[in-house]
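Participant: What follows is a predicted structure for the sequence shown.
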Amino acid sequence: MRDALHSMDDTLPGKFEITREGIVHDPVSPNGRHELTRLLLRRRLENVTPDELLAHTGTPDVEDEPEAILRHPDVMVIAWEDLDTEGSIDPRTVLAAIEIVSRSNPDNDWVGKVRDYALMGIPVYAVFDPRTGTGAVFTDIHPTPAGPRYATRKDFVYGEDVTIAEWTIPTQGLPLYGTTT
């Protein structure tokens, strides 16, 4: 699947990821409010994390080869030294993954990534939803018959402070998707 993904990456617009169910394609490029949210979250996290950590918004992808999952978080908190890699980032080095819900495929963030990030062993997953001005932080991975799952979900509303791992950031002023965006 990885080879198929790379062959499509340069020819089709949007973002591609690999899950157990196959390739996920979000055909719509993120809009300005999605990108603004991503950058605001990165800056707010970098203001409260120690210098040896980075709120990363670029490449490479996060890949768990044994689970056959390749994801690309909007923001991930990771140590600088763990970015020094030839290939994809090892998910066991990611301290937190953050996603901004896509208008075109919200189930990917609210369902697929909740499942996949737990399977990959990422201890904290935060979802920000500009459609509704709400979000949730998932923590405490535990075993289940269906595989590892997050045991704890803490919901929040934009305007409240939210704690991601051990860092608390404000959500005040995060943009919402408008009716025409």
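Facilitator: Arrived safely, thanks for sending. These figures come from a predicted structure and were not determined experimentally. Numbering: from 1, shown residues only.
Participant: All the helices of the chain, in order from the start?
Facilitator: Assigned by DSSP state H, the helices in the chain fall at 2-9, 32-48, 106-107, 113-119.
Participant: Pick the most deeply packed of those helices.
Facilitator: helix 113-119 (a mean of 23; mean count of other CB atoms under 10 Å). For every residue, glycine as well, the C-beta is placed using N, CA and C.
Participant: Which other helices and strands does that helix contact?
Facilitator: Packing partners of helix 113-119 (3 or more CB pairs under 8 Å, 6 or more residues apart in numbering; DSSP states H and E): strand 69-71, strand 94-100, strand 125-129, strand 134-142, strand 149-157.
Participant: Flag whichever of the ones you listed has the least confidence on average.
Facilitator: Per-stretch mean pLDDT for the helices and strands packed on helix 113-119 is lowest at strand 69-71 (a mean of 86).
Participant: And that one, how far out from the chain middle?
Facilitator: Taking CA atoms, centre = their mean, to the nearest Å, one finds strand 69-71 lying 11 Å from the centre of the chain it belongs to.
Participant: elements contacting it?
Facilitator: If contacts are counted by 3+ CB pairs under 8 Å, 6+ apart, strand 69-71 sits against strand 15-19, strand 62-64, helix 113-119.
Participant: which one is Thr152 nearest to, not counting chain neighbours?
Facilitator: Once flanking residues are discounted, Thr152 sits nearest to Asp140: 4.3 Å by CB to CB, 6 or more residues apart in numbering.
Participant: show me the contacts for that neighbour.
Facilitator: Contacts for Asp140 were tallied using CB atoms under 8 Å, 6 or more residues apart in numbering; they are 150-152.
Participant: Any of those residues buried? List them.
Facilitator: Tyr150 (16 or more other CB atoms under 10 Å).
Participant: In CSV, list the contacts of Asp140 along with distance to Val77.
Facilitator: Shown next, in CSV, are the contacts of Asp140 (distance: CB to CB, whole Å):
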residue, distance to Val77
Tyr150, 16
Ala151, 20
Thr152, 18
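Participant: before we move on, back to that, least reliable of the helices and strands packed on strand 69-71 by average pLDDT, please.
Facilitator: Among these, strand 15-19 scores lowest, with a mean of 60.
Participant: who does Glu63 bridge with?
Facilitator: Bridge pairing for Glu63 (DSSP bridges) gives the partners Leu70.
Participant: That one against Thr85, yeah?
Facilitator: No: using CB atoms under 8 Å, Glu63 is not in contact with Thr85, being 10.3 Å away.
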